[in-house]
Structure formats: C-alpha cells, structure tokens
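Participant: missing the sequence, but the structure's below:
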C-alpha cells in the first residue's frame, strides 16, 4: 500500500510541475482530480504514510493565529535603482574600480510582486518567509505551500542538506481581474493593483483563502553549500531542474550595449506579458566576481535594477472640477474616462493649479495622456490637440469659491489660488477631518461622512463646537442611533486627554506635520510660550525651517486662531506639555533619528515610542545632524541623502538589538 501511495504522489507531482511550471499539461483536470481523491482516501486510511511533500499537504487544516517574525539565514538585500542608461554606465564604472575582471551580465525581468525566501531541508520545503526588512521577515510557510509553482519537494535524487531559494510571488493579470470582478459582485473593496493583492494575500491567516487566490512564483536566486555552480545563468538552469518556474525571458549579455538593447526591447514588449513587470534586473554572471565585489551597507555591488518610466495611457476628459482643501487651496481635477494604468483603474488626476491648466490648455472633451507619477499619483502628461472636438472652450478658473462663493485670492509668492474665508464649509470640513484623524486627536467614529453631516446640518461651525455636541443632537443625523451617538460623544470627550503635540498637529497649521509638532511642544511647552515666541527664535529651533516658522508665526498671531485655542482650552483640552517620563535607556540620549519606509513589524508610532523611551529624538528630515536613519522597505530619497551624508542606517531589528544590548 505504501508503494501505491508513493506512485500516486509521483504522478500528481509530475502533473503539477507540467501544468504550473512548464505550462504544458500532461493530464486532464478530471483525471488529476480523481487521482488526488484516491490519494486523499488512502492517506486517511494509512495516515502513517503521509509525508510533508504530499500534494494533499499544500493547504493547512486550520488558519494561523498570527505570523512569527524570524531572522533570515541569508539577508535579502535591496537593489540599487537605475533610471536611465547613464546610471547603468556609472554603476559599471564603480564596480570596475574594484575589479578589472571581464564579465557577462544576466538580464532578468523585474517582476512586480513580493519577494519570498524559501528553505529546503533534504529536498523538502520547510520554511517560507517574507522579505520584511531584509534581516527579519514573517514565517508564512503554510501560505507558501499553497502556491502550486513552488515545489513541496525538490526534483533532485540526492538533494543537498540545505537549499535556500529566493524569488518573487505575484498575481497574473488574468487572476487579478477575475478577483476584482468577484469582489465587485460581492460589494467588496477592489484591490488597487496586482502587487498589493499578492502582498495582502500572502499575509492572510487562512491558507485556504490564499490557495483560492492562485498566486504564482518565479525563482531567481539559489544558495547552496559546497556550491559547484560558477554562474548566475547556471543557477537559473538548476532552479528550473529542481522544479521551479524560472522566467523564460532571461538573457546573457556580453556588454552594457547588449543590456541596453534588451531593456529597450522589453520596455515595449512587457505590455504583452500576462503579469506586471516594472524594470530589468542586471546581475554580473560570474559568481566568484559577485563574491569579490560583495555588498555596500544596503545593496549588492554586482547587481542593479533599471526601472522603466511610469506607464502612460491615453484617455478622454469628461469634466474639469475644482476642490477646496482644509487650507483653502483650490485644486483643479480632471475627471477622465476610466483607464487601466500601472495595475490600477484611474478616473481622476490632479491638475495642480491654474498655471498648469494654462500650460496644457486642457479642455473638456480633449484626448490626454496620463501616467502614474512615482507609480502612485496619476498626472496628465500632455494634451493631444489634433484630437480635440470642434467648438471646445478653454477652461476658465473660477473667481469665486465653489463652496462658499467668496472671492478667491492668489499671493505673488504662491502658484496656488485660495479661499480665505475660514467659515467656508470646505475648509471647515477639512479642518474637522484632520482634527479627528488618527495621528491628531484620533476621535473614533467621527469619520468623513459624519463630519460632512455635522457641517451640513449646522451642528458644528468650528473645531471647538465638537466639544459642545450632545447625544440628542447627533441622534438627529440620518442613520444615527443612540448607541452610535453616545460612542461619538464619549470619543470626543476622551480626546481631551491627547498630548499637547497632537493638539498642535491637529490645528492644521500649514507645513506643521506630526514630527514638527512634537519638536515645537518640546521647545515651547505651553501655548503661551509658543504664541509669544519671536520669529528668529522659531527659526533657530533644530528641525523647524524658515517656511514652517513663518507659517506658524502668522497663525498664532491671528485673533481668530487665538480665539479657537482659548475655546479649546475652556473645553478642557490641555495646551501644555506633560512632564516627560524618564527614558528607560540612555543609549539614544542626544541622538536624532529619522524614520523612512515601511517597517516589517512595527508601526511608525510604535517605533517612535521605542526611540523616545531610549532617550532619542525624532526628526522628519535628514541633515548632517542626523545620527541614525531607521530604514524600512520602499525607502525613498531620505535613504539616498543619508548615504551621501554618511548617516548610519539601521534596520528595525538592528535598532531593537541596539536598545536591548544596552538596556
């Protein structure tokens, strides 16, 4: 019976490999299903013969309670980014200063997904871990096992004791579209793009749900003890032989000229791929040269990623509208025919200001080209006037606020046109939403919809009015019951205990962010001191620049703003800094830290709390006075600036270790 079970397993494993890796099915689905059921029945009768690599063990029986954070056996380094061929040439020049050896390059498409680290012991998959911060990640082995293109058992007769595999988990465009169609039918929020959907799926606690999402995987890095392989190209071939899907569009190049030809070709051809790719990864082929070149603090010196420009697409202008923000800034928006762009459906884009509209000469009915700026924010690149409909009219920017009708104003120092009527419903709505937001007063239950209703029904005309609201008043709002109204009133009352720095941030003073507000609270621990400070004194505070100082100086001297703060103080809010608790450690005393990117396990607020308990200070910007940059995934310009200035870069795990060792 044991041999019959083993034979069934081998048949099903071959069928899985042919279907999910080779894309060349050797067995009808109905036959596969029948054999699978036979194997399930036999394993139920003879559970002593169940092995971890059996196809029946792909999906765990029970959802996980949580994921465990574990340290990678081998760090997952980020890649340095190049954005043009000049960057590639500079990269080549840099590594050639360290070695004059000749080499080939291997080009691989950069798949837009989530990196995974896989560990096999004696040929059996034992661990699947997310990238995290590159040093530690989350153990999601049960979810990884559901991905059919990841073998549970390596296709090797005599597998090494330990094998480490790196690769990219992703969602195909067809699966992504199908999932969104199903979510639309169920009235659920749509996934923004395949990358986010893949990352979110990997972190589902229920492996059954992960299995239903049909994730896929490309392997691209192999680590072996006593490695006899000499090139990256051989590594990719061995990964394929082991049973992994390896991207077929890889290519060996003998020079950067050939690399450029490859990149140029795929910039166009990638649009026909069944998955998203946002660039090309270029690696030195020779592994001994890779080892010789080694790593910087952040990147391997022997590899780089060429990122393609943001994807562009044509669409048509349906309307041009203007919106008023909480600072009174009037921002024009273009409403477009929905267009698929860089993995998302885009229907509107900012036009920034009146000058941008004039430069583009954009009109309703125009055909335009849009792209994702920084792959996030949709923007209009150009107008195609040759496709403009007859009798189209230039857009005329309104002279009066669309919300309150007051005359709009523009200062010579700004490109922005503003409504300066502080009673404007749009400014009031924006101010209230900001005041109630998580990083400000964190008033739960008072979201945008409720705020709009409060303003529309005349129940609130300033932030201070929130603290006079009664349950009876809130109950009069549509779809609002006594319980919800009571909860909101209690949440408003609880917000009175929020610290001084949060109140300063919640006031919505232009340019004063969360970190700036904390710096101000530390340096001017009472409202009286802050409201009476001189402009030069403000500008001299470390972390408060000239722009912030000028904006704050003007704000606190406004009679209207002074009256608002007085009303809030009368309502029971404390505009004084609480006594600072003694740090639990002094390892970061007099040290300034900046945080950038997404940390693997800590929320930003948690990280800031840990730093402050260790005596450290938080700043929002990198300078020569910065001691450490706490760096997470998807770090941006702050990382580059820190590297240029020689600022020490810490991962989350390194920060925690530093504090633990000196606690």
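Facilitator: Thanks, I have the structure now. All of these numbers come straight from a predicted model, not from anything done at the bench. Residues are numbered from 1 along each chain as shown.

Participant: for the closest residue in space to residue 121 that isn't next to it in sequence, phi and psi?
Facilitator: Computed as CB to CB, 6 or more residues apart in numbering, the closest residue to residue 121 that is not its neighbour in sequence is residue 162, at 6.1 Å. In this view, the C-beta of every residue, glycine as well, is placed from N, C-alpha and C. Torsion angles at residue 162 (phi, psi; degrees, to the nearest 10) stand at phi -130, psi 130.

Participant: ok, now residue 225?
Facilitator: Main-chain torsions, residue 225, degrees, to the nearest 10: phi -80, psi 150.

Participant: same deal with residue 608?
Facilitator: phi -60, psi -40.

Participant: Neighbours of it, how many?
Facilitator: 19 (other CB atoms under 10 Å).

Participant: Excluding its own residues, what touches stretch 532-541? List them.
Facilitator: 519, 520, 523, 524, 544, 545, 546, 548, 549, 550, 552, 553 (CB atoms under 8 Å, 6 or more residues apart in numbering).

Participant: how about it: buried residues?
Facilitator: Using 16 or more other CB atoms under 10 Å as the test for burial, stretch 532-541 gives 533, 538, 541.

Participant: if I look at residue 408, how far off is residue 651?
Facilitator: 48 Å (CB to CB, to the nearest Å).

Participant: ditto for residue 476
Facilitator: As judged by CB to CB, residue 476 and residue 651 stand 52 Å apart.

Participant: Between these two, tell me which one has more neighbours.
Facilitator: residue 651 (21 against 11).

Participant: just to revisit the earlier point, just list the residues touching the residue nearest to residue 121, thanks.
Facilitator: So residue 162 contacts 119, 120, 121, 225 (CB under 8 Å, 6+ apart).

Participant: With neighbour count and distance to residue 252 as extra columns, can I get these in a markdown table?
Facilitator: What follows is these, written out as a markdown table (neighbours: other CB atoms under 10 Å; distance: CB to CB, whole Å):
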| residue | neighbour count | distance to residue 252 |
| --- | --- | --- |
| 119 | 19 | 28 |
| 120 | 23 | 27 |
| 121 | 14 | 32 |
| 225 | 9 | 26 |
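
Participant: Residue 658 looks like it's in a strand, true?
Facilitator: No - the assignment for residue 658 is helix, going by DSSP: H, G, I helix; E, B strand; the rest coil, so no strand is present there.

Participant: wouldn't it be in contact with residue 648 here?
Facilitator: No - Residue 658 is beyond contact range of residue 648, at 10.3 Å (criterion: CB atoms under 8 Å).

Participant: Who has more neighbours out of the two?
Facilitator: A direct count of neighbours by other CB under 10 Å for residue 658 and residue 648 places residue 658 higher, at 16 against 13.

Participant: Next, count neighbours for the closest residue to the more buried one other than its chain neighbours.
Facilitator: Of all residues not flanking residue 658 in the chain, residue 587 sits nearest, at 6.4 Å (CB to CB, 6+ apart). Using other CB under 10 Å, residue 587 has 16 other residues around it.

Participant: Quickly note the distance from residue 587 to residue 626.
Facilitator: Using CB to CB, residue 587 is found at 17 Å from residue 626.

Participant: so where's the protein uncertain?
Facilitator: Along the chain, segments meeting pLDDT under 70 span 16-37, 57-66, 192, 310, 342-343, 373-376, 579-585, 662-663.

Participant: Got the phi and psi for residue 474?
Facilitator: Note on residue 474: its backbone torsions stand at phi -70, psi -30 [degrees, to the nearest 10].

Participant: how much space between it and residue 391?
Facilitator: From residue 474 across to residue 391, the span is 50 Å (CB to CB).

Participant: Settle it for me: which of the two has more neighbours?
Facilitator: Using other CB under 10 Å as the criterion, residue 474 and residue 391 rank with residue 474 on top: 25 against 6.

Participant: which residues sit in contact with the more buried one?
Facilitator: By CB under 8 Å, 6+ apart, residue 474 lies in contact with 454, 459, 480, 484, 485, 488, 489.

Participant: With neighbour count, distance to residue 272 and secondary structure as added columns, please give those residues in TSV.
Facilitator: Shown next, in TSV, are the contacts of residue 474 (neighbours: other CB atoms under 10 Å; distance: CB to CB, whole Å; DSSP: H, G, I helix; E, B strand; the rest coil):
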residue	neighbour count	distance to residue 272	secondary structure
454	23	51	helix
459	17	56	coil
480	16	52	coil
484	16	51	helix
485	21	56	helix
488	22	52	helix
489	19	58	helix
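
Participant: Need the max-distance pair from these.
Facilitator: Spanning the widest gap among the contacts of residue 474 are 459 and 484, at 14.8 Å by CB to CB.

Participant: Can you tell me the closest non-neighbouring residue to residue 460?
Facilitator: Going by CB to CB, 6+ apart, residue 460 has residue 454 as its nearest residue, at 4.4 Å.

Participant: separation between the one you found and residue 46?
Facilitator: Residue 454 is 67 Å from residue 46, by CB to CB.
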